[in-house]
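>>> turn this into a structure:
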Amino acid sequence: MGSEKHPALLPLVRPLYLPGLVCGSLPQMKLLLERHAPGVTCVIGELAIDGVPFCHTLERLPDDSEHPDIPAGIYSIGVTISPEAKAGKLWSPSPTGLLPLLSVPGRSGIRIHAGNTDEDSRGCIIVGQWNGGEFLSSSRDTLTLLMDRLLSVMDTLLIEVIDS
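Here you go, the predicted structure:
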């Protein structure tokens, strides 16, 4: 046994039949989160998928010492079971889990999730629709659509976070 991998830990491989792809290659999806200037209680941003606007984002103010902001940079996105979602403290559209940002310097447990105001985040990225003010609406619907879209690719997902 020693160095053998357990079959349950091997990566899931699903054949894709998409025109224009080289055999064995998977499409890579890139998210771009462009944060705007901080408001009074939060920072509103825009999230695009492969250059196409998708939704708005909300994060805590960058000077929040308890939950500092995510530094600008490029991060991988995974899919994991969130302990908060499992405990019923954080809503998730599926038992598959939520979308964590991986390798954020000095941070852990950073996820993309549903919420409406900065009070719903401890340094994470909230997605939804922004119609002015310092809150998002339709957050659960937006997260469901986002996860459906991202999980359909089943490949490495990247998010670039920039300050405008």
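
>>> all strands for this protein, in order.
29-35, 42-49, 52-60, 73-77, 99-102, 111-113, 125-128, 157-163 (DSSP state E).

>>> which other helices and strands contact the lengthiest helix in the chain?
In the chain, assigned by DSSP state H, the helix with the most residues is helix 139-151. On a contact count with 3 or more CB pairs under 8 Å, 6 or more residues apart in numbering; DSSP states H and E, helix 139-151 meets strand 52-60, strand 99-102, strand 111-113, strand 125-128. From N, CA and C alone the C-beta is placed, and that goes for glycine too.

>>> list the contacts of that helix.
29, 47, 49, 54-55, 77, 79, 91, 93-94, 96, 99, 112-116, 126-129, 136, 157 (CB atoms under 8 Å, 6 or more residues apart in numbering).

>>> quick one: residue 136 and residue 126 touch, right?
Yes. At 6.0 Å, residue 136 and residue 126 qualify as touching, with contact defined as CB atoms under 8 Å.

>>> shared neighbours, these two?
57-58, 115-116.

>>> just curious, which of those is nearest to residue 106?
Top of the list for closeness to residue 106, among the shared contacts of residue 136 and residue 126 and by CB to CB, is residue 57 at 20.3 Å.

>>> for that closest one, grab the count of nearby residues.
By other CB atoms under 10 Å, 26 other residues sit near residue 57.

>>> again with the one 4 residues further on
For residue 61, the number of neighbouring residues by other CB under 10 Å comes to 15.

>>> just the pLDDT for it.
Residue 61 is assigned 92 on the pLDDT scale.

>>> the nearest residue to it once chain neighbours are set aside: neighbour count?
Excluding the flanking residues, the one nearest residue 61 by CB to CB, 6 or more residues apart in numbering is residue 38, at 5.4 Å. Number of residues near residue 38 (other CB under 10 Å) recorded here: 16.

>>> can you check the one 4 residues further on too?
Applying the criterion other CB under 10 Å, we find 22 residues in the vicinity of residue 42.
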